[in-house]
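Novice: got a predicted model here, sequence first, then my questions.
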Amino acid sequence: SAAEKAGYASFMLKEIAEQPKAVADTLLGRIDGSGTLSLDEVRIPPGVLREVDKVVVVACGTAFHAGLIAKYAIEHWTRIPCEVELASEFRYRDPILDQQTLVVAISQSGETMDTLMALRHAREQGARVLAICNTNGSTIPRESDAVLYTHAGPEVAVASTKAFLTQLVACYLVALYLGQVRGTKYGDEIRDVVRDLSGISGAVEQVLGTMDPVRELARSLAHKNTVLFLGRHVGHPVALEGALKLKELAYMHAEGFAAGELKHGPIALIEEDLPVVVVVPSPRGRSVLHDKIVSNIQEIRARGARTIVIAEEGDEAVAPYADHLVRVPATPTLLQPLVATVPLQVFACELATARGNEVDQPRNLAKSVTVE
Ligand code: AGP
């Protein structure tokens, strides 16, 4: 009903707007100002976590994209090898798992059959399962060894928005916690990032306040057939998520690519006036990545693409090659998906609306997929 939407035209718009609070709620009671993280609710004893020699993340759809980002964070801060797999593929390929494997199952609903089957398979092999879930008491957390709830509040729109951002936060917390428990050489960095996380809700709020040009751009592209998304490093899963949102909501052909793969094939798709969204990593820190993506933007622009560039505030190097520039606040490299995804959600929602689609209930889709 209209009352439930609290004045918004759709649940999706309401849920996009709720993201600063959702992110803050995921962090509540789990981090403090001194840079310490307490996840006592993860009932897997620290001794067991210290013995973990492999992390496997399983999930579907948007939750899988959160998992792809988690891999960068887990491997960096914990130095434990991490695999990420679509839950629907996982158990059918005879994966190698044992008591030292930590499986992280990510699911908003906690009822996705593919993810549930993957976690059952993992537990049968002796692996420990940690669920990252938004729905209290749902099947996936009930069948897991431990659970980290995302506390995003109910997500009604079929397209996941606030659940995704909070899944990311939960993934970062798991990565940082494992790093803290195992005492890697990144101790100081871990403390700094925990502190940075406390500012992330405000950064998301800031992005939401600057979305009018994105909406206008989306409306101007409503007649297009294809939109491509490019990113590198953690920007690659963000590109995949931007493309998924556009497929499910706008029913458009959209694809996400790793920008470095362009020259291995996808660049042949570039033609005059094709909209290409590029997620640009921070020029600070990993500046190599930044330089590489700037040349990718130049390459596609030279071939006529219309570039929609998502870049950090103060990143001037990209400006000359951007037909449309969307600014996001500066964040540590690994945290950038928390701000860079938001414009892509707004873009897809507005474009779908301009095409006359029902954003909360896209055709052919269900909120939770309880069949395999
Ligand atoms: C997201 O926009 C999708 N509707 C879908 O990909 C979803 O993320 C996927 O089905 C997984 O659902 P879950 O998080 O409830 O397990």
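Specialist: Arrived safely, thanks for sending.
Novice: sec struct for Glu271, please.
Specialist: Three-state call for Glu271 (DSSP: H, G, I helix; E, B strand; the rest coil): coil.
Novice: would you double-check that Glu83 falls in a strand?
Specialist: Yes. Checked against three-state DSSP, Glu83 lies within a strand.
Novice: what pairs with it across the strands?
Specialist: Applying DSSP bridges to Glu83 gives these bridge partners: Val56.
Novice: list the contacts for it?
Specialist: Neighbouring residues of Glu83 by Cβ atoms under 8 Å, 6 or more residues apart in numbering: Lys54, Val55, Val56, Val57, Lys71. In this view, the C-beta of every residue, glycine as well, is placed from N, C-alpha and C.
Novice: so how far is Arg79 from the second one?
Specialist: Right, the one you point to is Val55. 11 Å (Cβ to Cβ, to the nearest Å).
Novice: go on, the third one?
Specialist: In this view, Val56 and Arg79 are 16 Å apart by Cβ to Cβ.
Novice: ok now the strand or helix carrying Val58, how far from the chain's centre?
Specialist: Secondary structure from DSSP states H and E places Val58 in strand 54-59. Taking Cα atoms, centre = their mean, to the nearest Å, one finds the center of strand 54-59 at 15 Å from the center of the full chain.
Novice: one step back: compare Val56 and Arg79 (neighbour count), which wins?
Specialist: More crowded of Val56 and Arg79, by other Cβ atoms under 10 Å: Val56, with 24 against 13.
Novice: what pLDDT does the residue of the stretch 51-200 of the chain found nearest the ligand get?
Specialist: Closest residue of the stretch 51-200 of the chain to the ligand, Cβ to the nearest ligand atom: Gly61 (1.8 Å). In this model, Gly61 is scored at 97, pLDDT.
Novice: so how far is stretch 37-45 from its chain's centroid?
Specialist: Centroid separation between stretch 37-45 and its chain, computed with Cα atoms, centre = their mean, is 23 Å.
Novice: cool, stretch 70-79 as well?
Specialist: Put simply, stretch 70-79 sits 15 Å off its chain's centre (Cα atoms, centre = their mean).
Novice: over to stretch 304-323?
Specialist: 22 Å.
Novice: what residues does it touch?
Specialist: With contact meaning Cβ under 8 Å, 6+ apart, stretch 304-323 is reached by 217, 228, 270-280, 282-283, 290, 294, 297-298, 300-301, 324-331, 336, 340, 343-344.
Novice: that stretch: end-to-end distance?
Specialist: Terminal residues of stretch 304-323 lie 11 Å apart, using Cα to Cα, to the nearest Å.
Novice: show me what from the stretch 101-250 of the chain comes close to the ligand.
Specialist: By Cβ under 6 Å from any ligand atom, the residues of the stretch 101-250 of the chain that approach the ligand are Ser107, Gln108, Ser109, Thr112, Thr115, Val158, Ala159, Ser160, Glu248.
Novice: which of the three states applies to the fifth one?
Specialist: The three-state label for Thr115, taken from three-state DSSP, comes out as helix.
Novice: what about it, how many neighbours?
Specialist: 29.
Novice: my guess is it contacts Ala59, does it?
Specialist: Yes. Counting by Cβ atoms under 8 Å, Thr115 does reach Ala59; the two are 6.0 Å apart.
Novice: and for those two, which residues touch both?
Specialist: Residues touching both Thr115 and Ala59 by Cβ under 8 Å, 6+ apart: Ala87, Ala105, Ile106, Ser107.
Novice: okay, these in a markdown table with distance to Arg50 and secondary structure next?
Specialist: Supplementary listing: the shared contacts of Thr115 and Ala59 in a markdown table, determined by distance: Cβ to Cβ, whole Å; DSSP: H, G, I helix; E, B strand; the rest coil:
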| residue | distance to Arg50 | secondary structure |
| --- | --- | --- |
| Ala87 | 27 | helix |
| Ala105 | 21 | strand |
| Ile106 | 23 | strand |
| Ser107 | 26 | strand |
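Novice: let me have those in JSON lines, extended by neighbour count, distance to Leu365 and pLDDT.
Specialist: Output for these, formatted as JSON lines (neighbours: other Cβ atoms under 10 Å; distance: Cβ to Cβ, whole Å; pLDDT from 0 to 100):
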{"residue": "Ala87", "neighbour count": "27", "distance to Leu365": "17", "pLDDT": "97"}
{"residue": "Ala105", "neighbour count": "29", "distance to Leu365": "21", "pLDDT": "98"}
{"residue": "Ile106", "neighbour count": "34", "distance to Leu365": "19", "pLDDT": "98"}
{"residue": "Ser107", "neighbour count": "30", "distance to Leu365": "16", "pLDDT": "98"}
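Novice: closest to Ala239 out of these?
Specialist: Ala239 lies nearest to Ile106 out of the shared contacts of Thr115 and Ala59, by Cβ to Cβ, at 18.8 Å.
Novice: identify the bridge partners of that closest one.
Specialist: Ile132.
Novice: for Leu176, list the residues it contacts.
Specialist: Under the criterion of Cβ under 8 Å, 6+ apart, the neighbours of Leu176 are Leu37, Ala73, Trp77, Ile190, Val193, Val194.
Novice: any idea how far Val309 is from it?
Specialist: Distance of Leu176 to Val309, computed by Cβ to Cβ: 30 Å.
Novice: what's the answer for Gln206, then?
Specialist: Counting by Cβ to Cβ, the gap from Gln206 to Val309 is 18 Å.
Novice: these two: which has the busier surroundings?
Specialist: Between Gln206 and Val309, counted using other Cβ under 10 Å, Val309 has the larger neighbour count: 24 against 16.
Novice: surely the more buried one is in a helix?
Specialist: No. Read with three-state DSSP, Val309 is strand and lies in no helix.
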